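# missing the sequence, but the structure's below:
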């Protein structure tokens, strides 16, 4: 596996890359006023965060709990989205920093969030693959889980999913089914799509795309990040 050495990140480069991402969204038929771009900072240099903020990106996403706590302490002006599987022992430290918990996929995770951060905004993560080891509840379990989260006092804003490994088109049917499920549940937010498959996600009805590599370049040590 080839490693990638990160180039320096400058605000003007991120702004230019953001313009390209927005162009891709528009070319896919998306409404820029209705689709939120989440800047994913996982494993990126610390300069990525001020560069994203300077480019006008307010919503930032992070997969690593410790990194999010440090970054959010330094940049409380951002809206921080937690994008990793929720571990109950990490929730207490994250609670004061996270604006949206995107990966609630089971009762105990939501219960932990509700205990440490009452009334928080959450998304229910759905697994669109046959791989039980991937995060997310089964599509058929989404509706009851949404209700359980509401019973915990959480604010359920929508659904989230990660596309399957493979070409972008492989995600099309799953993304469409998730948006249809969100419609049935009357949930406005559909967090779908990353750097490699955002067009497929936008065409399916995504309202939130999680973008890392297309904004900042490949993550150091990665062989081509999907984010």
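Here it is on my side, so go on. These numbers were taken from a predicted model, which means no experiment stands behind them. Numbering: from 1, shown residues only.
# what's the offset of the longest helix anywhere in the chain from the middle of its chain?
Counting residues, the longest helix found in the chain (DSSP state H) is helix 11-27. Using C-alpha atoms, centre = their mean, to the nearest Å, we find the averaged C-alpha position of helix 11-27 to lie 18 Å away from the chain's own average C-alpha position.
# show the subsequent helix or strand relative to it.
Past helix 11-27, further along toward the C-terminus, the next helix or strand under DSSP states H and E is strand 36-40.
# which positions within stretch 208-222 qualify as buried?
In terms of neighbour count (16 or more other C-beta atoms under 10 Å), stretch 208-222 has its buried residues at 208-219, 222. In short, each C-beta sits where N, CA and C put it, glycine included.
# least confident of these?
Of all the buried residues of stretch 208-222, residue 222 has the smallest pLDDT value, namely 54.
# for the buried residues of stretch 208-222, which one is nearest residue 38?
residue 210 (4.6 Å; C-beta to C-beta).
# what's the helix or strand for that closest one?
strand 208-211.
# residues in contact with that strand?
When contacts are defined by C-beta atoms under 8 Å, 6 or more residues apart in numbering, strand 208-211 is touched by residues 21, 25, 35-40, 61, 81, 83, 158, 160, 189-195, 198, 201-202, 227.
# immediately after that strand, which helix or strand?
The element immediately downstream of strand 208-211 (helix or strand, assigned by DSSP H and E) is helix 213-216.
# from the middle of its chain, how far away would that following helix be?
Its chain's C-alpha centre and that of helix 213-216 lie 14 Å apart, by C-alpha atoms, centre = their mean.
# got it, and stretch 45-55?
With C-alpha atoms, centre = their mean as the basis, the mean position of stretch 45-55 lies at 17 Å from the chain mean.
# quick check: mean pLDDT across that stretch?
Averaged across stretch 45-55, pLDDT comes to 94.
# what comes up buried for that stretch?
By neighbour count on 16+ other C-beta under 10 Å, the buried set for stretch 45-55 is 45, 48-49, 51-53, 55.
# about what we covered before: of the buried residues of stretch 208-222, which is the nearest to residue 120?
Once C-beta to C-beta is applied, the member of the buried residues of stretch 208-222 that ends up nearest residue 120 is residue 208, at 16.5 Å.
# what's the spacing between that closest one and residue 102?
Distance check for residue 208 against residue 102: by C-beta to C-beta, to the nearest Å, it reads 9 Å.
# give me the common contacts of the two.
160, 191.
# which stretches of this structure form strands?
Counting by DSSP state E, the chain forms strands over residues 36-40, 59-62, 79-82, 98-104, 121-125, 155-160, 189-191, 208-211, given from the N-terminal end onward.
# residue 147 is nearest to which of these?
Taking C-beta to C-beta as the measure, those were each checked against residue 147, and strand 155-160 came out nearest at 8.7 Å.
# between that closest one and strand 98-104, how many degrees?
Strand 155-160 and strand 98-104 meet at an angle of 50 degrees, taking axes from the mean of the first three to the mean of the last three C-alpha atoms, to 10 degrees as the criterion.
# okay, now the sheet partners of strand 155-160, with direction.
Taking DSSP bridges as the criterion, strand 155-160 sits next to strand 121-125 (parallel), strand 189-191 (parallel) in its sheet.
# which parts of it are buried?
If you call a residue buried by 16+ other C-beta under 10 Å, then strand 155-160 has these buried ones: 156-160.
# what stretches of the chain score poorly on pLDDT?
Within the chain, the ranges that satisfy pLDDT under 70 run 1-8, 220-227.
# could you redo the last one with a cut-off of 80?
Low-confidence segments of the chain, defined by pLDDT under 80: 1-10, 219-227.
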